[in-house]
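Chemist: Only the shape, not the letters, is given here:
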């Protein structure tokens, strides 16, 4: 459905996207996962025909992003990272405006947006600029859907959004996917990767890996330990100064630790830390999360 | 008894008929890392502005670093540091120009500034970049630098408003190393975040909803209290139940 082949784009001397190739299948919920500067927005703008690549080829449903840009805009819905609806129009006026631009009516495609729009309909006469963050997001999504697009491209819809609203947003995306819409979404939150069918892990304009979240986790080859003690700050320092430690990073209430050449056993860490007088010690063998996978890839690429 | 650096009693802030902060009561201790969490629109920013002396409470008593927030606002401002995700440093000034600027504002003498600047740049391994424009630096560097500048005048408390947004997972964790170091030096850290794993790194966490503090305790106790595996679950339970 979306085909990206060897795309390059630089701003002056700064490469934003370098040699990215990806395929997104019809009906897929595909995630671009990575921090600021990974190239997610640039790639999306190229797909949206808002930016022209320096090199490479990209097609959406067989349409070329450069030659067929007008047709592409008819079949894609886009929600940019920054709120870009009209602040001085009401909720309802914004929605009508976008419907009119695409030569359709709100009534014609209401079925697609109903679940989302009913949540903000009580405020339909409020100016868009006066909405809360969560409501703006719902309105932007409604406007992106009003022309019944085949593909939805969402640029960091959940950035800066609290944990509860993020969850609700992903539930909305799942429902849209069930309606047959292909979705390309970007996020800096690693935990959201598990909600996608497949993801591309990105950093500094490159794709580090592409796969299903399950496969990415399965392919992680390191031995990983979760370690906890009553004094977490001292634990970090002690673990990092241990000669058998390769990496040690805080992960919520635990540290995630790998050993040099994966040779250190759980008991070795435990004995070392007991000698350092740690109480409440736990050393567990654990499977990795997507975030562990991403961090391992980052370290390999340094 | 631990020294209290923030004392909030019955803090109320209204905008017209809207109650943004509804009788907040809490204390923060010296050297503590205090997580200030809540859903969007819960009233965190309003409360933080009051604590920083940028907005006056409608009623209630607030003391920061021992100073009354209403009567001794300027003294409060001198003893705190502040860093937000949106604004940190001047993009079109170099690293050393930014340090000079902030030193000037906080009344740090040129001699003291020079010595401290050297230590700062050495610790961050940024010595060679001191004449680079902030705008040309990667986001991770900017954030570390912004934090170091925010505590350059040795404030008693530093307020961090979503300091780690947008960076990669390794940089995010390295940023927390800096937070721990500051807390070790006795600086109290008051931090907001949307990353629930970061809530676990705090000594204590408060969770706001609809203008009220719904829970306040150590992450460990909050998880017990709400029968939750992690802080993410605690947060979801609080924010969903209240609605």
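Modeler: Cool, got the structure. Bear in mind the structure is a predicted one, so any value in this text is a computation, not a measurement. Numbers count the residues shown, from 1 in each chain, chains lettered A, B, ... in the order given.

Chemist: got the residues of chain A near chain B?
Modeler: When proximity is defined by Cβ under 8 Å from any Cβ of the partner chain, chain A lies next to chain B at A:34-37, A:132-134, A:159-167, A:188-190, A:203, A:232-233, A:236, A:249-253, A:291, A:294-295, A:298-299. All C-beta atoms are positioned from the backbone trio N, CA, C, and that covers glycine.

Chemist: near chain A, anything from stretch B:74-84?
Modeler: No: taking Cβ under 8 Å from any Cβ as the criterion, stretch B:74-84 and chain A are apart, separated by no less than 11.8 Å.

Chemist: Can you give me the buried ones in that stretch?
Modeler: Under the neighbour-count criterion of 16 or more other Cβ atoms under 10 Å in any protein chain shown, stretch B:74-84 has B:75-84 buried.

Chemist: Quick one: end-to-end distance for it.
Modeler: One end of stretch B:74-84 sits 20 Å from the other (Cα to Cα, to the nearest Å).

Chemist: do stretch B:163-171 as well
Modeler: Termini of stretch B:163-171 sit 11 Å apart (Cα to Cα).

Chemist: List the neighbours of that stretch that are in contact with it.
Modeler: If you take Cβ atoms under 8 Å, 6 or more residues apart in numbering or on different chains as the criterion, stretch B:163-171 is touched by A:34-36, A:159-160, A:188, A:190, A:203, A:249, A:291, A:294-295, A:298-299, B:83-85, B:139-140, B:143, B:146-147, B:172, B:175-176, B:191, B:193-195, B:198.

Chemist: Kindly report the same for stretch B:44-52.
Modeler: Identification of contacts with stretch B:44-52 by Cβ under 8 Å, 6+ apart yields B:6, B:8, B:11, B:13, B:20-21, B:24, B:36-38, B:55-57, B:62, B:64, B:69, B:76-77, B:80, B:82, B:159, B:161, B:190, B:192, B:208.

Chemist: Drop anything exposed from those.
Modeler: Among the contacts of stretch B:44-52, those buried by neighbour count (16+ other Cβ under 10 Å) are B:6, B:8, B:11, B:13, B:20-21, B:24, B:36-38, B:55, B:57, B:62, B:64, B:69, B:76-77, B:80, B:82, B:159, B:161, B:190, B:192, B:208.

Chemist: Show me those that map onto strands.
Modeler: Counted as lying in strands by DSSP state E, out of these, are B:6, B:8, B:11, B:13, B:20-21, B:24, B:36-38, B:62, B:64, B:80, B:82, B:159, B:161, B:190, B:192, B:208.

Chemist: The helix or strand harbouring residue A:134 - contacts with which helices or strands?
Modeler: For residue A:134, the host element (DSSP states H and E) is helix A:133-145. Counting contacts by 3 or more Cβ pairs under 8 Å, 6 or more residues apart in numbering or on different chains; DSSP states H and E, helix A:133-145 packs against strand A:76-79, helix A:91-101, helix A:110-117, strand A:151-154, helix A:163-178.

Chemist: average pLDDT across that helix?
Modeler: The pLDDT scores in helix A:133-145 average 91.

Chemist: Which residues does that helix contact?
Modeler: Defining contact as Cβ under 8 Å, 6+ apart, one finds that helix A:133-145 is touched by A:77-79, A:83-85, A:91, A:94-95, A:98, A:109, A:112-113, A:116-117, A:119-120, A:123, A:128, A:131, A:152, A:154, A:157, A:160-161, A:165, A:168-169, A:172, A:176, B:40-41.

Chemist: coming back round to it: filter the contacts of stretch B:163-171 down to just the ones in helices.
Modeler: Using DSSP state H, the subset of the contacts of stretch B:163-171 located in helices is A:291, A:294-295, A:298-299, B:139-140, B:143, B:146-147, B:172, B:175-176, B:198.

Chemist: Put the buried members of these into a PyMOL selection.
Modeler: Buried residues among these (16+ other Cβ under 10 Å), as a PyMOL selection:
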select buried, (chain A and resi 291+294+295+298) or (chain B and resi 139+140+143+146+147+172+175+176+198)
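
Chemist: where does chain B have low pLDDT?
Modeler: Scanning chain B for pLDDT under 70 picks out B:1, B:87, B:241-243.

Chemist: rewinding a little: the buried residues of stretch B:74-84: which two are farthest apart?
Modeler: B:75 and B:84 (21.9 Å; Cβ to Cβ).

Chemist: So which bits of stretch A:67-80 are buried?
Modeler: Under the neighbour-count criterion of 16+ other Cβ under 10 Å, stretch A:67-80 has A:68, A:72-73, A:75-80 buried.

Chemist: Same check on stretch A:34-50?
Modeler: For stretch A:34-50, the buried set under the neighbour-count rule, 16+ other Cβ under 10 Å, comprises A:34-49.

Chemist: Relative to residue A:277, which of those residues is nearest.
Modeler: Using Cβ to Cβ, the buried residues of stretch A:34-50 come closest to residue A:277 at residue A:35, 37.2 Å.

Chemist: quick one: the closest one and residue A:149, what's the gap?
Modeler: Residue A:35 is 28 Å from residue A:149, where distance means Cβ to Cβ, to the nearest Å.

Chemist: Could you do residue A:143 as well?
Modeler: 11 Å.

Chemist: which residues touch the residue lying closest to residue A:230 once chain neighbours are set aside?
Modeler: Nearest non-adjacent residue to residue A:230, counting by Cβ to Cβ, 6 or more residues apart in numbering or on different chains: residue A:280, 3.9 Å away. Neighbouring residues of residue A:280 by Cβ under 8 Å, 6+ apart: A:228-230.

Chemist: tell me which element residue A:280 is part of?
Modeler: Per DSSP H and E: nothing holds residue A:280, as it lies in no helix or strand.

Chemist: in terms of contact, does residue A:264 touch residue A:244 like I think?
Modeler: Yes: if you go by Cβ atoms under 8 Å, residue A:264 and residue A:244 touch, sitting 4.1 Å apart.

Chemist: what sits in contact with each of these two?
Modeler: In contact with both residue A:264 and residue A:244: no residue, using Cβ under 8 Å, 6+ apart.

Chemist: Neighbour count for those two, which is higher?
Modeler: More crowded of residue A:264 and residue A:244, by other Cβ atoms under 10 Å in any protein chain shown: residue A:264, with 20 against 15.

Chemist: residues near residue A:62, how many?
Modeler: Residues near residue A:62, counting by other Cβ under 10 Å, number 9.

Chemist: What's opposite the residue nearest to residue A:55 when sequence neighbours are not counted in the beta bridge?
Modeler: Closest residue to residue A:55 apart from its sequence neighbours, by Cβ to Cβ, 6+ apart: residue A:8 at 4.2 Å. As for beta bridges, residue A:8 partners with residue A:18, residue A:55 under DSSP bridges.

Chemist: surely residue A:8 meets residue A:19?
Modeler: Yes: under the criterion of Cβ under 8 Å, residue A:8 makes contact with residue A:19 at 6.1 Å.

Chemist: Find residues that contact each of those two.
Modeler: residue A:56.

Chemist: so where's chain A uncertain?
Modeler: A:302.

Chemist: For stretch B:110-120, which residues meet the burial criterion?
Modeler: Going by neighbour count (16+ other Cβ under 10 Å), the buried part of stretch B:110-120 is B:113, B:116-117, B:120.
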